[in-house]
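Student: following is a predicted model, sequence given first.
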Amino acid sequence: MTRLHLHLVSDSTGETLESVAKAGCARFEGVEAIKHFWPMVRSEGHLDRVIDEIAKRPGLVLYTLVASPVRAKLEDRCHAMGLPIVSVLDPTIDALSQLLGQVATTRPGRQHLMDDAYFRRVDAINYTMAHDDGQGADNWEEADIILAGVSRSSKTPTAIYLANRGYKTANMPVVPQSPPPPSLFRLKHPLIVGLTTSPARLVEIRRNRLLTLGQTPDTDYVELDRVTAEVAYARRLFADHDVTVIDVTRRSIEETAAAIINLVQARQDGRDAGATGAA
């Protein structure tokens, strides 16, 4: 196992660097990346303290710094120490600058402004938390997305991820003994998505969940034949109501959410095209 110190230096929250570092490291086998986060670095005094820490654990330095003196000092010090350093946004900003014919601003953290998009995201998160596990059925029509699926089919974490992307997302458990209300499938605005998974995988997830909670795993909840029947019921329900289904067996939360967002956008594009044709 190769160990690598990875220093992420940002004049804002560092979320961009964290995403880039995670995506980059995922491409390499047998590497343990030890990440050191240095957010909100906006003064040379702060940078001096960060550089002292980098010198103690030398490695790759990734940065997003806008202020020229701070940026130049980090580059000079890293070069003097012989450390590799990469400005992860420079190629994208340079390409945008050439395409738009504009010079990029030098104000850090503008992507985190409390603008309309920010408040829409907060509103989506509040809605999603209040409509977890079948709650708030009286105003499901306000949702952008409704996720339906059997227990432990990743409904809640997927809903929260979508909420962080600005989508109001409700989720509804599918239980054979208590079918979803017929009104669910008559909703016009929300995109209804059924989440399904392999029964064997579902048994494993449920069993681990029970053990984590300190409960006995020897119940009908994890009995393979019953779980298989439960999943089959959900699939028939989705087919009967023409619900789009996504199999999450081999998908991460991020992959499932990306597929759902594509469905939402395709649906909206179809509506826009229909409106244009009607006009």
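Tutor: Great, that's in hand.
Student: how about K155, what does it touch?
Tutor: K155 sits next to D133, L147, A148, G149, N171, M172, P173, L195 when contact means CB atoms under 8 Å, 6 or more residues apart in numbering. Bear in mind the C-beta positions are built from the backbone N, C-alpha and C, glycine included.
Student: in the helix or strand of the chain with the lowest mean pLDDT, which residues are buried?
Tutor: Least confident helix or strand of the chain, by mean pLDDT, DSSP states H and E, is helix 253-278 with a mean of 84. In terms of neighbour count (16 or more other CB atoms under 10 Å), helix 253-278 has its buried residues at I253, T256, A257, I260, I261, V264.
Student: need the buried ones from the contacts of K155 selected in PyMOL.
Tutor: The PyMOL command for the buried members of the contacts of K155 (criterion: 16+ other CB under 10 Å) is given here:
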select buried, resi 147+148+149+171+172+173+195
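Student: inside strands: which ones of the contacts of K155?
Tutor: L147, A148, G149, N171, M172, P173, L195 (DSSP state E).
Student: I'd say the first one and K168 touch.
Tutor: No - counting by CB atoms under 8 Å, L147 stays clear of K168, with 11.7 Å between them.
Student: give me the mean pLDDT for stretch 131-143.
Tutor: For stretch 131-143, mean pLDDT is 94.
Student: where does the protein have low pLDDT?
Tutor: Along the chain, segments meeting pLDDT under 70 span 105-115, 273-279.
Student: please enumerate the helices of it.
Tutor: Counting by DSSP state H, the chain has helices at residues 15-25, 44-56, 68-81, 90-100, 116-130, 155-164, 199-212, 224-240, 253-278.
Student: can you redo those as JSON lines with distance to V9?
Tutor: Below are those laid out as JSON lines (distance: least, CB to CB, whole Å):
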{"stretch": "helix 15-25", "distance to V9": "8"}
{"stretch": "helix 44-56", "distance to V9": "6"}
{"stretch": "helix 68-81", "distance to V9": "6"}
{"stretch": "helix 90-100", "distance to V9": "14"}
{"stretch": "helix 116-130", "distance to V9": "24"}
{"stretch": "helix 155-164", "distance to V9": "24"}
{"stretch": "helix 199-212", "distance to V9": "37"}
{"stretch": "helix 224-240", "distance to V9": "47"}
{"stretch": "helix 253-278", "distance to V9": "25"}
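Student: with respect to burial, which of these scores highest?
Tutor: The highest mean neighbour count among the helices of the chain, using mean count of other CB atoms under 10 Å, belongs to helix 155-164: a mean of 22.
Student: and it, how far out from the chain's middle?
Tutor: Distance of helix 155-164 from its chain centroid, counting by CA atoms, centre = their mean, to the nearest Å, is 8 Å.
Student: can you give me the angle that helix makes with helix 116-130?
Tutor: In terms of direction (axes from the mean of the first three to the mean of the last three CA atoms, to 10 degrees), helix 155-164 departs from helix 116-130 by 160 degrees.
Student: pull the CA coordinates from helix 155-164 and hand them back as CSV.
Tutor: Output in CSV follows, covering the C-alpha atoms of helix 155-164 (Å, rounded to 0.1, in the frame of the first residue of the first chain):
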residue,chain,number,x,y,z
LYS,A,155,-34.6,5.9,-0.7
THR,A,156,-33.7,8.2,2.1
PRO,A,157,-30.0,8.8,1.3
THR,A,158,-30.8,9.2,-2.4
ALA,A,159,-33.5,11.7,-1.5
ILE,A,160,-31.1,13.7,0.7
TYR,A,161,-28.5,13.8,-2.0
LEU,A,162,-31.1,15.0,-4.5
ALA,A,163,-32.2,17.7,-2.0
ASN,A,164,-28.7,19.0,-1.8
